[in-house]
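Q: My questions concern the predicted model and sequence given below.
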Amino acid sequence: MPQATPPVARAFKTAQFSKAAKKAAIADEDLCEAIQQVMRGQAEDLGGGVFKKRLNKNLHRAIILAKGGKHWIYEYLFAKKDRDNIKDDGKRAATAPVV
């Protein structure tokens, strides 16, 4: 009996996130692995398809937006030492519809 193929997920980065990830030396392979971990539930669910994931040996945090479980967008990257958490207004901005 053939095995079912796992769902295909596509990950994207905003230009701002891409620059920050390059500066923080976070490789695309690490980002792909992080998406797999988010899909397995190993991230903080902020609600509304917004997730917070630890990256780079726990030195950085990424805000990831999910669209239907198939498309994942790396939206924002911040260093743990610079910012403890995002505030509610930041979460609202991340979930606001794009016009």
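A: Yes, it's here.

Q: how about the helices in the protein?
A: Using DSSP state H, the helices found in the chain span residues 15-23, 28-39, 88-95.

Q: Please name the bridge partners of the spatially most central residue of the chain.
A: Centroid-nearest residue in the chain: residue 64, 2.7 Å away (criterion: CA atoms, centre = their mean). For residue 64, the beta-bridge partners are residue 51, residue 74 (DSSP bridges).

Q: if I pick it, what's in contact with it?
A: Residue 64 sits next to 34-35, 38, 43, 50-53, 72-75 when contact means CB atoms under 8 Å, 6 or more residues apart in numbering. In short, each C-beta sits where N, CA and C put it, glycine included.

Q: Would you tell me which one of those residues comes nearest to residue 18?
A: Set against residue 18, the nearest of those by CB to CB is residue 74 (8.0 Å).

Q: Low-confidence ranges, the chain, go.
A: 1-7, 83-99 (pLDDT under 70).

Q: can we see that at 90?
A: 1-9, 68-69, 80-99 (pLDDT under 90).

Q: coming back round to it: turn the helices of the chain into TSV, including mean neighbour count and distance to residue 8.
A: Conversion of those to TSV gives the following (neighbours: other CB atoms under 10 Å; distance: least, CB to CB, whole Å):
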stretch	mean neighbour count	distance to residue 8
helix 15-23	14	21
helix 28-39	15	11
helix 88-95	13	24
